[in-house]
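Student: let's see this in three dimensions:
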Amino acid sequence: SGGRRPTVSGCRLVVLAVHWNLRMGIDRSILTWAASRPGRVLLLGICCLLLQQVTVAYSFVAGGVPTSNASLVHLHAGLLLAIAMLERDLRVVAAVWGLTWLGWVARALAFGYSGPTIAVGTAASVLMLGCTLLCARWMGWPRARKQMRVATDDVFRFVLIGLLLYPALLTLTGSGLLSLSMTQSSPEGLVGSAVMTYFAKYFGVAIITVPLVVGWTERKRIAAWARPASYLWLPGFAAALLLSVWLGRITRADLAQLQGDAGLVLMDYRIILLAITGWWMLHLRPALSMALLSLVLLVMAWALTGTAGYNGSALGVLNLFHLGLELGILLTAIVYFLLVGRDRLELSERLHDQANRDSLTGLPNINALRERVGSAPTVGGEMGYLLLDQVDSLATGFGLRAQAAVMNAVAARIALQAQPYYLGTGQFALVLGDADNSA
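Tutor: Numbers count the residues shown, from 1 in each chain. Below you'll find the model as predicted:
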């Protein structure tokens, strides 16, 4: 203004402001697109396709027929169940499932599957989608936005339906129909394929579904307990785990001639893993702790591949049941521990809030005043006392609700200059945080 030319610093500020606004606009556009239906379909579909490529190879023998190049986990199955539980738009769930089916078709063509086999696989995929939606409904999902949280009662339903029934239904509708379409398959091969499919779905659900659902619904919560000094426990747990692994390897090396195996069996350290993951639940945000739990479960499943077949005998099936049970117990215990701690903390906060507020007016009471003075006494502040006359006549003539409304109106007026604490009928304690506030 005034004919002056803008300075260099002023031009730079203008450029930075324009750049910031453009960047914020682009970020908002990306977030808006990601929240839209096409964005959710594309992003979730890409995640499913990527998880299809994650394999944990192991060898398995059923009925004397060895099977190699199999995967112990189907992570995309767990993600699809989590999507069905969290996504309320059925068209998004169906579209994501369709992208996953396209990925399967591409793999089937690469392996040389025939046209009838792909057609049967397509029909099986539709049935598997129905089973996924049905299992999600049986578990009580999806839910309204305000009720989108995992309760302790949901853990039992997840174990019964998510870990046991869901993999069984996918095995019957998917692997069962697909195996029957392959006429060259022997009965022993069909049994082996069904067993491997069941455990692959089981481990996929255990590793992905519950950690993702709990982490997503609790993503805005902070850690339950985050004292800095308590972080010293993490190096202690890590040192104990490394020491236990080292001693275990020495023992197994000495007994290798008797057992024929000197490798690492990760389930021998489940107590230490339980302690470490329990520490995560207390000291990290639920979203981060659930991501770490999922990673630990994946590492455990990978470490179990060496003992999954157990010398190529029929005991491999029982051994898989045992390993799956161990992993499921660890998952259930950790999630239940997190939910119980969350509920206990919420109950404590609710009781604390109720104890510090008057039951009729909802205003801070004498307990809140004592807590404030005891924990953070005002430096240089003042306290006062206010008594209103004829307050009892309000309750007599107009009722308790009218009296409470008047007390709240008075408190709101006082709050402009001091913090009011309701002591009883018409009685307020006033705390002035600033000694210079003479009003």
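
Student: from here on, contacts and neighbour counts on C-alpha atoms
Tutor: Fine.

Student: can you point out the buried residues in whatever helix or strand Gly45 lives in?
Tutor: With elements delineated by DSSP states H and E, Gly45 resides in helix 37-52, which encompasses its position. By neighbour count, and taking 16 or more other C-alpha atoms under 10 Å as the criterion, the buried residues in helix 37-52 are Gly39, Arg40, Val41, Leu42, Leu44, Gly45, Ile46, Cys47, Cys48, Leu49, Leu51, Gln52.

Student: and the contacts of it?
Tutor: Identification of contacts with helix 37-52 by C-alpha atoms under 8 Å, 6 or more residues apart in numbering yields 33-34, 74-76, 79-80, 92-93, 95-97, 99-100, 103.

Student: can you tell me which of those residues is nearest Phe111?
Tutor: Comparing the contacts of helix 37-52 against Phe111 with C-alpha to C-alpha places Gly103 closest, at 12.6 Å.

Student: distance check, the closest one against Ser114.
Tutor: Here Gly103 is placed at a distance of 16 Å from Ser114 (C-alpha to C-alpha, to the nearest Å).

Student: I'd like to know the average pLDDT value across stretch 195-208.
Tutor: With pLDDT averaged residue by residue, stretch 195-208 scores 91.

Student: against which helices or strands is the helix or strand Leu325 falls within packed?
Tutor: Assigning secondary structure by DSSP H and E places Leu325 in helix 315-355. Packing partners of helix 315-355 (3 or more C-alpha pairs under 8 Å, 6 or more residues apart in numbering; DSSP states H and E): strand 57-62, helix 153-157, helix 187-204, helix 270-283, helix 305-308.

Student: for the fourth one, what is the average pLDDT?
Tutor: Regarding helix 270-283, the rounded mean pLDDT is 75.

Student: could you export that helix as PDB, CA atoms only?
Tutor: Extracted as PDB, the C-alpha positions of helix 270-283 are listed here (Å, rounded to 0.1, in the frame of the first residue of the first chain):
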ATOM      1  CA  ARG A 270       5.700 -68.100  25.000                       C
ATOM      2  CA  ILE A 271       5.700 -66.900  28.600                       C
ATOM      3  CA  ILE A 272       8.400 -64.300  27.900                       C
ATOM      4  CA  LEU A 273       6.500 -63.300  24.700                       C
ATOM      5  CA  LEU A 274       3.300 -63.000  26.700                       C
ATOM      6  CA  ALA A 275       5.100 -60.700  29.200                       C
ATOM      7  CA  ILE A 276       6.600 -58.500  26.500                       C
ATOM      8  CA  THR A 277       3.300 -58.100  24.600                       C
ATOM      9  CA  GLY A 278       1.500 -57.500  27.800                       C
ATOM     10  CA  TRP A 279       4.000 -54.600  28.500                       C
ATOM     11  CA  TRP A 280       3.200 -53.300  25.000                       C
ATOM     12  CA  MET A 281      -0.500 -53.300  25.800                       C
ATOM     13  CA  LEU A 282       0.100 -51.000  28.900                       C
ATOM     14  CA  HIS A 283       2.700 -48.600  27.600                       C
END
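
Student: can you give me the angle the helix holding Gly45 makes with helix 187-204?
Tutor: 120 degrees (axes from the mean of the first three to the mean of the last three C-alpha atoms, to 10 degrees).

Student: following the helix holding Leu325, which helix or strand shows up next?
Tutor: Going down the chain from helix 315-355, the next helix or strand is helix 366-375, by DSSP H and E.

Student: list the buried residues for that following helix?
Tutor: Of the residues in helix 366-375, those with enough neighbours to count as buried (16+ other C-alpha under 10 Å) are Ile366, Asn367, Ala368, Leu369.

Student: cool, and stretch 421-437?
Tutor: By neighbour count, and taking 16+ other C-alpha under 10 Å as the criterion, the buried residues in stretch 421-437 are Tyr421, Tyr422, Leu423, Thr425, Gly426, Gln427, Phe428, Ala429, Leu430, Val431, Leu432, Gly433.

Student: which two in the residues you listed are spaced the farthest apart?
Tutor: Checked with C-alpha to C-alpha, those reach their widest spread between Thr425 and Gly433, with 24.3 Å between them.

Student: show residues contacting stretch 92-108.
Tutor: Contacts of stretch 92-108 (C-alpha under 8 Å, 6+ apart): 37, 40-42, 44-45, 48-49, 52, 80, 83-84, 87, 118, 122, 125, 129.

Student: please say which of Gly103 and Ser114 ends up with more neighbours.
Tutor: With neighbours defined as other C-alpha atoms under 10 Å, Gly103 and Ser114 compare such that Gly103 has more, 18 against 12.

Student: and for Trp216, the neighbour number?
Tutor: Burial of Trp216, expressed as a neighbour count using other C-alpha under 10 Å, amounts to 17.

Student: do the same with Gln354
Tutor: Gln354 has 14 neighbours, counted by other C-alpha under 10 Å.

Student: ok so, going back, the helices and strands packed on helix 315-355: which one's closest to Leu169?
Tutor: Closest of these to Leu169 is helix 187-204, at 8.9 Å (criterion: C-alpha to C-alpha).

Student: which elements pack onto that closest one?
Tutor: Using 3+ C-alpha pairs under 8 Å, 6+ apart as the contact definition, the elements that helix 187-204 packs against are strand 57-62, strand 65-71, helix 75-86, helix 166-170, helix 177-181, helix 315-355.

Student: what comes up buried for stretch 115-125?
Tutor: Of all the residues in stretch 115-125, those buried under the rule 16+ other C-alpha under 10 Å are Thr117, Ile118, Val120, Gly121, Thr122, Ala124, Ser125.

Student: brain fart, stretch 352-359
Tutor: By neighbour count, with 16+ other C-alpha under 10 Å as the criterion, the buried positions of stretch 352-359 are Asn356, Arg357, Asp358.

Student: okay, those residues in a markdown table with distance to Asn408 and pLDDT next?
Tutor: Below are the buried residues of stretch 352-359 laid out as a markdown table (distance: C-alpha to C-alpha, whole Å; pLDDT from 0 to 100):
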| residue | distance to Asn408 | pLDDT |
| --- | --- | --- |
| Asn356 | 16 | 90 |
| Arg357 | 12 | 92 |
| Asp358 | 11 | 89 |
